[in-house]
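# generate a structure from the sequence data that follows.
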Amino acid sequence: MKNLSYYSITAELYDVLVPRDIEGICNSVSRILARHTECREILDLGCGTGRFTIALAKRGFRVMGMDITPEMLAVARTNAKSAGVKVRLTTGDMRNFRLAKRIGIIWARGSIGDLIEMDDVRKTFVNVESNLEDEGIFILDVRDRSFYLQKFSDGSRKEEKVFKHGNRVITFNFSARLDKRTGIETMEGEIGVDEGGSMRRYEVNHALRYYTRREVTKLLKETGLKILQMNNGYELDSAKKPQLVIVAQRESC
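Numbers count the residues shown, from 1 in each chain. Next up, the predicted model:
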């Protein structure tokens, strides 16, 4: 049994374990950006396996992907090569990275929730603001605490998933509990990978932060980022969804 970082463990299998509507989300992001900026250069902050980085590059954006986990970046490089897409991929910490020059768009898709301490979230927002051009756009999404507490009234959930990927059968079993006061969810579980009778097992311990609208609004305002819109999910409609999607802007000096 191996006990490693969640993202180090799951890098090779992440896109199977955590499927997303990549095309739909990137289409929505393209529409959002068209409303607010003519810029075509994006930093994908917390890019993971590069699936969104690559999808944006295919749409004609100039994209840099940044992540703190070497295993995720290794997968991203392989994926970009396989897709025949030219993107820049670099190691960096969202709390303190520095770009050679300011950029017009930063997108943090799914990565802000990995910051457990509020001080780290503030550092990240301050850092994003300092790396954006004047009137640059910051798009982020966070998990909506009220949505999950309505769905799981006591804050606890269990899931058992089975995936087939090539000659491998992958099982992912976990239990999680969301602290209603702090918004921090702790997860414990196990990933099993069966490759033709040879089994690998990994112990998983992970934590995520969920937000209220009030919390994320306060954090952005404190760091000088003006909120342009906040919606439920990337479709930008009124239906209740598990994510809050926020579009913010660095104000002109």
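
# E215 versus the spatially closest residue to E71 that is not a sequence neighbour, what's the distance?
Using CB to CB, 6 or more residues apart in numbering and skipping residues adjacent in sequence, the residue nearest E71 is A11, 3.7 Å away. Glycine gets a C-beta too; all of them are placed from N, C-alpha and C. Between A11 and E215 the distance is 30 Å, computed by CB to CB, to the nearest Å.

# quick one, which of the two is more surrounded?
A count of neighbours by other CB atoms under 10 Å puts A11 above the other of A11 and E215, at 21 against 17.

# who are the contact partners of the more buried one?
Contacts for A11 (CB atoms under 8 Å, 6 or more residues apart in numbering) come out as T49, T69, E71, M72, A74, V75.

# ok, then the element right after whichever strand or helix holds R209?
Using DSSP states H and E, R209 sits within strand 198-211. Proceeding N to C from strand 198-211, the next assigned helix or strand is helix 213-222, under DSSP H and E.

# strand 198-211 and that following helix, what's the angle between them?
Here the directions of helix 213-222 and strand 198-211 differ by 80 degrees (axes from the mean of the first three to the mean of the last three CA atoms, to 10 degrees).

# can you tell me the average pLDDT over the helix or strand just after helix 213-222?
Using DSSP H and E, the next helix or strand after helix 213-222 towards the C-terminus is strand 225-232. Across strand 225-232, pLDDT averages out at 94.

# can you check stretch 145-164 too?
Per-residue pLDDT over stretch 145-164 has a mean of 90.

# low-confidence ranges in the stretch 101-250 of the chain?
Along the stretch 101-250 of the chain, the model assigns pLDDT under 70 to residues 236-240.

# quick one: the helices in it, in order.
118-131, 145-151, 213-222 (DSSP state H, counting those that start in this stretch).

# just those: most buried one?
Highest mean neighbour count of these: helix 118-131, a mean of 18 (counted as mean count of other CB atoms under 10 Å).

# pretty sure S8 sits in a helix.
Yes: using DSSP: H, G, I helix; E, B strand; the rest coil, the assignment for S8 is a helix.

# excluding chain neighbours, what is closest to V142?
With CB to CB, 6+ apart as the criterion, V142 has its nearest non-adjacent residue at 4.4 Å, and that residue is Y211.

# repeat that for Q249.
Distances taken as CB to CB, 6+ apart place K226 nearest to Q249, at 4.9 Å, with adjacent residues excluded.

# is Y211 bridged to anything, and to what?
Under DSSP bridges, the beta-bridge partners of Y211 are D144.

# so it makes contact with D141?
No: between Y211 and D141 there is no contact under CB atoms under 8 Å: 9.9 Å.

# who touches both of the two?
Contacts common to Y211 and D141, judged by CB under 8 Å, 6+ apart, are L244.

# in the chain, which residue is closest to the centre?
For the chain, G110 is the residue whose C-alpha lies nearest the centre (CA atoms, centre = their mean; 1.9 Å).
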